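Chemist: could you look at this predicted model? Sequence included:
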Amino acid sequence: MFGNLKPLPQDKILQLMSMYREDPREQKIDLGVGVYKNAEGVTPVMRAVKAAEQRLWQDETTKSYTALAGEPAYRDAMAALILGEGHDASRVAGAATPGGTGAIHMALELIQMAAPDATVWLSNPTWPNHPSILNHLGMKSAEYRYFDPETRGVDFEGMIADLGRVAPGDVLLLHGCCHNPTGANLNLTQWEEVAAELKKVGAVPLIDLAYQGFGDGLEADAAATRLVASRLPEVMIAASCSKNFGIYRERTGILLALTEDGAARDVTQGTLAHLNRQNFSFPPDHGARLVTMILTDPELRADWQAELEEMRTGMLALREQLADELRTLTGSDRFGFLAQHRGMFSRLGATPEQVVELREKHGIYMVGDSRLNIAGLNKDSVSVLAKAIAEVGV
Ligand code: LMR
């Protein structure tokens, strides 16, 4: 049996993680996988998470199974975080999932059940695991233009032109904020246009929201999702708590499905629970419980938001420093986009050869498409990176 298996291509991001680990050089810089690091290169356990864990350790009386779709309190707290307090809960079905990836996977399975002929449209480029999971599930996919390599901004004209090819019932996967891998994002006027286009066609948005709080702030980063939710009758949102709560290994995510009415909500809720049962039965609970405690306790929540805001503004400062240093070194403003982009990532625009040169000669690790993780930098390594970028001639 196992002799029939063929070696599979390795995930490029995870492959880079191993290459970085194996590199013996002391001065190496990891700008690969999307993990937040502080100035000391550490991915900290956030203060509110530690405090919630302490409370949980004291107060938790059982580790018995929880609900099949996860605790309703987790769903409600996450729906309020994403859709805002006072959102219409009667439309919201939701299930806890193992991480944001689990939520994407579940959304695609839900599409397979509800609209087997739908094509799922992905931005070009997108997070490599999106097409990979789609292929794994044998689903139809297509690409819409998104990134303009010249300006390093959004190719909005191209995007809107491609949305003209979307058929009724198709699904459009959108990054709710902090586009991965480019860092280039739509403004709200553009989101308004995208929502109108989807409504006109009768297509369904699937919003990947993995970086809420890493771009312009918790509320601002949810604005596009809220706009889409208010304009369209059906919306799916795959959210991750890995980054904004720093609980990567706890695998904490959620799929929210906003339905047209309460009857559809009830059937969808049952379907999400069924999908959990088929895939892994009960979802992981520890991270979801911590998130619920933090979001519903004013003291923990305030501390979490304060620390998240420190992380966000720290990344923005690094972006500005990098753009400034490159302006000085190259005597041009062509890297100004780095300060305009938002979130953890920017696509630098280096060629594959320059990416290899940056790695081999300078010990700087970024993904092959020249996606760099801003949070992998600190004030000192920004200068090292800027000099290397100028030297390889990006
Ligand atoms: C990334 O894009 O680097 C992260 O989302 C981590 C991952 O699983 O790929």
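Modeler: Thanks, I have the structure now.
Chemist: for this structure, which residue is closest to the average position?
Modeler: In the chain, the centroid-proximal residue (Cα atoms, centre = their mean) is A210; its distance is 2.7 Å.
Chemist: what segments of the stretch 251-394 of the chain are helices?
Modeler: Taking DSSP state H, counting those that start in this stretch as the criterion, the stretch 251-394 of the chain carries its helices at 262-279, 286-296, 298-330, 337-340, 352-362, 379-392.
Chemist: so which of the ones you listed is the most packed in?
Modeler: Mean neighbour count (mean count of other Cβ atoms under 10 Å) peaks for helix 286-296 among the helices of the stretch 251-394 of the chain, with a mean of 22. Where C-beta positions appear, they are placed from N, C-alpha and C, glycine not excepted.
Chemist: give me the angle between it and helix 298-330.
Modeler: 100 degrees (axes from the mean of the first three to the mean of the last three Cα atoms, to 10 degrees).
Chemist: what's helix 286-296 in contact with?
Modeler: Applying Cβ atoms under 8 Å, 6 or more residues apart in numbering, the contact partners of helix 286-296 are 48-49, 52-53, 55-56, 60, 70-71, 73-74, 77-78, 80-81, 96, 241, 245, 247, 250-252, 254, 300-301, 304.
Chemist: over to stretch 158-170 now: how far is its first residue from its last?
Modeler: Terminal residues of stretch 158-170 are spaced 18 Å apart (Cα to Cα, to the nearest Å).
Chemist: quick one: contacts for the residue nearest to the centre of the chain?
Modeler: 100, 175, 178, 180, 239-240, 242-243.
Chemist: please enumerate the strands of the stretch 151-300 of the chain.
Modeler: 153-154, 171-175, 204-209, 235-240, 253-258 (DSSP state E, counting those that start in this stretch).
Chemist: save those strands as CSV, and put in distance to the ligand and mean neighbour count too.
Modeler: Converted to CSV, the strands of the stretch 151-300 of the chain look like this (distance: least, Cβ to the nearest ligand atom, whole Å; neighbours: other Cβ atoms under 10 Å):
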stretch, distance to the ligand, mean neighbour count
strand 153-154, 19, 18
strand 171-175, 11, 25
strand 204-209, 10, 24
strand 235-240, 8, 26
strand 253-258, 11, 28
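Chemist: what about G215, neighbour count?
Modeler: Residues lying near G215 (other Cβ atoms under 10 Å) number 22.
Chemist: that one reaches N185, doesn't it?
Modeler: Yes. The pair G215 / N185 is scored as a contact, 7.1 Å apart, by Cβ atoms under 8 Å.
Chemist: what touches both of these two?
Modeler: With Cβ under 8 Å, 6+ apart, G215 and N185 have common neighbours 177-178, 342-343.
Chemist: top of those by neighbour count?
Modeler: Counting by other Cβ under 10 Å, top hit in those: G343 with 30 neighbours.
Chemist: got a markdown table for the helices of the stretch 251-394 of the chain, with mean pLDDT too?
Modeler: A markdown table is the format used below for the helices of the stretch 251-394 of the chain (pLDDT from 0 to 100):
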| stretch | mean pLDDT |
| --- | --- |
| helix 262-279 | 97 |
| helix 286-296 | 98 |
| helix 298-330 | 98 |
| helix 337-340 | 98 |
| helix 352-362 | 97 |
| helix 379-392 | 97 |
